[in-house]
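S.K.: when you get a sec, could you give me coordinates for this:
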Amino acid sequence: MKKLIFTAILGIGFLTTTVAQTTVSKEELVAQTTLSTQDFIEVNVSDIPQPVSDAVAKDFEGATISKAWKNEKGEFKLAVQTADKQNLTLHSNAKGEWINKQ
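M.R.: Purely as a prediction, here's the structure:
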């Protein structure tokens, strides 16, 4: 009987710990996503510097920029649709140099 009660208490403790860790992980993920999108402010596609537009045309032939965002560092986040209808998110500085964002 003592073993049964001990096992039940141990199981409840294990489940509580696992649920708490999962909840924290999801909250952290939402916070990170929110921070990364808050850094950029939407701008008109026509306001993108020419070197950035040229880099898209050169490296993604036939692609169109559907939306653009800019951060305070002067970096651009671009929503691009390629010629074969793939949707991409690209990051560039004002000189048209690609930035690797993960």
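S.K.: okay, CA-based contacts and neighbour counts for the rest of this
M.R.: Fine.
S.K.: three-state assignment of Lys3?
M.R.: Recorded secondary structure, Lys3: helix (DSSP: H, G, I helix; E, B strand; the rest coil).
S.K.: that one and Trp98, how far apart?
M.R.: 62 Å (CA to CA, to the nearest Å).
S.K.: those two: which has the busier surroundings?
M.R.: Higher neighbour count among Lys3 and Trp98: Trp98, with 16 against 8, using other CA atoms under 10 Å.
S.K.: that one reaches Thr89, doesn't it?
M.R.: No: with contact defined as CA atoms under 8 Å, Trp98 does not count as touching Thr89 (11.3 Å).
S.K.: who are the packing partners of the longest strand seen in the chain?
M.R.: Using DSSP state E to define each element, the chain has its longest strand at strand 64-71. On a contact count with 3 or more CA pairs under 8 Å, 6 or more residues apart in numbering; DSSP states H and E, strand 64-71 meets strand 40-43, strand 76-81.
S.K.: most packed of those?
M.R.: Most buried of the helices and strands packed on strand 64-71 by mean neighbour count (mean count of other CA atoms under 10 Å) is strand 76-81; its value is a mean of 21.
S.K.: quick one: strands adjacent to that strand?
M.R.: In the sheet, strand 76-81 lines up against strand 64-71 (antiparallel), strand 87-92 (antiparallel) (DSSP bridges).
S.K.: which residues sit against that strand?
M.R.: With contacts defined as CA atoms under 8 Å, 6 or more residues apart in numbering, strand 76-81 is touched by 40, 63-70, 87-94.
S.K.: out of these, which are buried?
M.R.: Neighbour-count burial (16 or more other CA atoms under 10 Å) applied to the contacts of strand 76-81 gives 40, 63-65, 67-70, 90-94.
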